[in-house]
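**Student:** I would like the atomic coordinates for the input below:
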Amino acid sequence: MNPTKQNNDLWKNLEPLLATIDQVSQKIPGCESLCSDYEDYWTPGVAKDVREQELEDIRRDVKLKVHLWLKRTPAEQIILVVKSLHPAARIYLCQLVRAAFKGFFEFDYKGLPNAVVVPSTFPVMKRTKKTAELIPLERPLIRKYGETTVTISGHTTKSEDGQLAFALLLLMRQKKPIFTEKNITFQTSLTELANTMLKSNPYHEPTRKVIWNGLRRLRSVVLDIAKFRKINRYIGGILDGARKLEEDKNGEITVYLDRVFVELIDEGFVKLVPRILFNLNPTETNLYEFLMHQKTFNQFGYLNKISMMKVWDYAGLAGIDDKPQAKSYIRSRLKKGLDGLKAKSVIQSYSLKGDQLEVFSTDKIGVEKWTEKEAPQRKSLTELEKEDLKRQQDRCGGFGIKCEQLDECDECSVWHLCVDEYDKWKKPDQGNPGNII
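**Tutor:** Take a look at the predicted model:
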């Protein structure tokens with residue numbers, strides 16, 4: 001290759017990296033020294049002589065410092081810092097960081113907020129004429145999950161409205177929305193929403209009516225989310241209740257999404273797959289959302305034993321009826337929903353023995369999956385992690401030292417343990433193994 005052209009290409013690659021370093025050193029704790037470490041590269045004459053290996057070394061240094069900060073920092077603080085970064089730096093870092101952290105930097109939303117999905121604010125309602133339109137609540141409906149409490153008042157929603165809310169979020173990212181202090185505004189239509197939700201006939205009048213009634217419910221519900229990651233949230237309608245909901249002469253609807261609702265997605269979301277979500281019935285939908293929120297199901301492919309009563313409550317399967325249901329009825333409803341997910345290949349199998357439910361994923365995520373038959377003999381996560389750690393230490397030969405240098409580091413299943421060891425060694429009171437980077 002022509003040396004001049006090669007240097008020009010390297011300089012083009014170096015410019016966005018230096019701009020990212022400028023942002024990172026100013027806004028991410030622990031990265032302050034990056035600018036001074038590479039100040040020579042800010043001089044054009046020097047920068048044009050940069051070699052490919054030097055460029056890779058700089059990227060690795062940025063990557064390691066950012067990863068150390070990401071690993072040690074609570075999610076709510078990461079979100080605040082990432083939001084303050086320039087969009088170009090955020091995009092660059094999204095390409096640079098490992099998959100476990102990409103969600104903090106991505107602009108595309110992949111799911112509903114944890115606080116809205118669990119506990120479910122979209123209950124499974126009995127099929128009656130009354131549930132077709134607005135459903136006023138005589139008193140607030142309170143849902144609890146751990147330290148999070150969601151209070152639903154005014155009007156309630158139903159399971160299908162969770163699908164509709166997700167469709168609105170998907171469409172918002174395909175449009176060029178207008179951002180204000182309280183709202184995110186864009187235009188859509190009933191037909192476009194029906195297509196997004198994979199309806200077989202988007203022009204079918206009953207289908208359009210169902211979507212319209214769903215929009216009315218999303219506009220009328222009031223959510224108060226308390227202690228979600230130590231932050232209280234108040235949403236006066238997922239669609240801004242103070243705004244009109246109407247079609248113009250072209251059939252377009254102006255959607256005013258509550259900005260707090262959308263921002264919640266940045267603070268935690270579940271991985272929902274549209275082609276799966278939009279093809280499920282209400283009970284299956286809520287069970288799918290519940291499963292996708294669980295860490296063990298997403299990372300290791302199975303849901304640890306959990307009381308079927310908790311699943312019934314957290315997944316909103318009881319609707320808004322406070323009347324206690326017989327365990328036999330709850331078991332029957334759960335089995336029917338889980339059988340539906342199994343038939344649609346969303347889950348591989350499940351075990352419902354006594355009051356305890358276990359669920360097993362169809363996809364290979366992280367570690368080996370266990371079938372229902374093998375479940376009693378499976379090893380604990382601690383045993384699997386120890387074996388994985390020993391294999392990785394023997395394989396790479398750089399454990400705790402080369403935690404970002406090797407090609408396999410990005411895919412390493414014990415990287416979090418490796419970087420912990422690196423962090424110990426680099427501290428002055430514990431010595432330093434030498435030239436780590």
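**Student:** hang on, isn't residue 220 packed against residue 243?
**Tutor:** No: in this structure, residue 220 is not within contact of residue 243 by C-beta atoms under 8 Å, at 12.0 Å. Every C-beta, even on glycine, is put in place using the N, C-alpha and C of the backbone.
**Student:** Excluding sequence neighbours, find me the nearest residue to residue 316.
**Tutor:** residue 120 (3.1 Å; C-beta to C-beta, 6 or more residues apart in numbering).
**Student:** thinking again about what came up before, of residue 220 and residue 243, who's got more company?
**Tutor:** residue 220 (20 against 15; other C-beta atoms under 10 Å).
**Student:** And the more buried one, what's its pLDDT?
**Tutor:** For residue 220, the pLDDT comes out at 88.
**Student:** Once you drop chain neighbours, what's closest to it?
**Tutor:** Nearest residue to residue 220, sequence neighbours excluded (C-beta to C-beta, 6+ apart): residue 155, at 4.0 Å.
**Student:** who touches the one you found in this structure?
**Tutor:** With contacts defined as C-beta atoms under 8 Å, 6 or more residues apart in numbering, residue 155 is in contact with 134, 135, 136, 137, 217, 220, 221, 222.
**Student:** Mind putting those into JSON lines with distance to residue 106 and secondary structure?
**Tutor:** Output for the contacts of residue 155, formatted as JSON lines (distance: C-beta to C-beta, whole Å; DSSP: H, G, I helix; E, B strand; the rest coil):
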{"residue": "134", "distance to residue 106": "35", "secondary structure": "coil"}
{"residue": "135", "distance to residue 106": "35", "secondary structure": "strand"}
{"residue": "136", "distance to residue 106": "38", "secondary structure": "strand"}
{"residue": "137", "distance to residue 106": "35", "secondary structure": "coil"}
{"residue": "217", "distance to residue 106": "29", "secondary structure": "helix"}
{"residue": "220", "distance to residue 106": "31", "secondary structure": "helix"}
{"residue": "221", "distance to residue 106": "27", "secondary structure": "strand"}
{"residue": "222", "distance to residue 106": "29", "secondary structure": "strand"}
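**Student:** Let's see the ChimeraX selection covering just the buried ones among these.
**Tutor:** To isolate the buried members of the contacts of residue 155 in ChimeraX, using 16 or more other C-beta atoms under 10 Å:
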select :135,217,220,221,222
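**Student:** Can you tell me which of the contacts of residue 155 is nearest residue 105?
**Tutor:** residue 221 (30.8 Å; C-beta to C-beta).
**Student:** Hmm, that closest one is touching residue 122, no?
**Tutor:** No: shown here, residue 221 and residue 122 do not form a contact pair, counting by C-beta under 8 Å, at 9.5 Å.
**Student:** so what sits against both of the two?
**Tutor:** Common contacts of residue 221 and residue 122 (C-beta under 8 Å, 6+ apart): residue 157.
**Student:** where in the stretch 151-300 of the chain is pLDDT low?
**Tutor:** 227-232, 265-270, 298-300 (pLDDT under 70).
**Student:** returning to what we had before: pick out whichever of the contacts of residue 155 sits closest to residue 275.
**Tutor:** Looking across the contacts of residue 155 and measuring by C-beta to C-beta, the closest to residue 275 is residue 217, at 24.4 Å.
**Student:** Please tell me how far the closest one sits from residue 307.
**Tutor:** 30 Å (C-beta to C-beta, to the nearest Å).
**Student:** can I get the CA coordinates of stretch 297-308 in CSV?
**Tutor:** Provided in CSV are the C-alpha atoms of stretch 297-308 (Å, rounded to 0.1, in the frame of the first residue of the first chain):
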residue,chain,number,x,y,z
PHE,A,297,-33.1,-17.4,32.1
ASN,A,298,-31.3,-14.8,29.9
GLN,A,299,-27.8,-15.7,30.8
PHE,A,300,-27.9,-19.4,31.6
GLY,A,301,-31.0,-20.7,29.9
TYR,A,302,-33.1,-21.7,32.8
LEU,A,303,-35.4,-20.2,35.4
ASN,A,304,-34.5,-21.3,39.0
LYS,A,305,-37.3,-22.8,41.0
ILE,A,306,-39.9,-20.2,41.9
SER,A,307,-43.3,-20.3,43.5
MET,A,308,-46.1,-20.5,41.0
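**Student:** ok so, going back, enumerate the positions of the strand or helix carrying the residue nearest to residue 220 that are buried.
**Tutor:** For residue 155, the element it lies in under DSSP states H and E is strand 148-156. In terms of neighbour count (16+ other C-beta under 10 Å), strand 148-156 has its buried residues at 148, 149, 150, 151, 152, 154, 155, 156.
**Student:** helices or strands next to the next helix or strand after that strand in the packing?
**Tutor:** Using DSSP H and E, the helix or strand that directly follows strand 148-156 along the chain is helix 159-174. Other helices and strands packing on helix 159-174, by 3 or more C-beta pairs under 8 Å, 6 or more residues apart in numbering; DSSP states H and E, are strand 183-189, helix 190-196, helix 205-220, strand 252-258, helix 259-266, helix 274-277, helix 282-293.
**Student:** got a list of what the closest residue to residue 337 other than its chain neighbours touches?
**Tutor:** Leaving aside its chain neighbours, residue 337 sits nearest to residue 283 (3.9 Å; criterion: C-beta to C-beta, 6+ apart). By C-beta under 8 Å, 6+ apart, the residues touching residue 283 are 124, 159, 317, 333, 336, 337, 340.
**Student:** Buried subset of those as a PyMOL selection?
**Tutor:** Applying 16+ other C-beta under 10 Å to the contacts of residue 283, the buried members can be selected in PyMOL as follows:
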select buried, resi 124+159+317+333+337+340
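**Student:** Can you lay out the contacts of residue 283 as CSV showing distance to residue 106 and secondary structure?
**Tutor:** Formatted as CSV, these follow (distance: C-beta to C-beta, whole Å; three-state DSSP):
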residue, distance to residue 106, secondary structure
124, 31, coil
159, 27, helix
317, 31, coil
333, 36, helix
336, 36, helix
337, 31, helix
340, 31, helix
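**Student:** Identify, from the contacts of residue 283, the entry nearest to residue 36.
**Tutor:** Closest to residue 36, out of all of the contacts of residue 283 and judged by C-beta to C-beta, is residue 159, at 55.0 Å.
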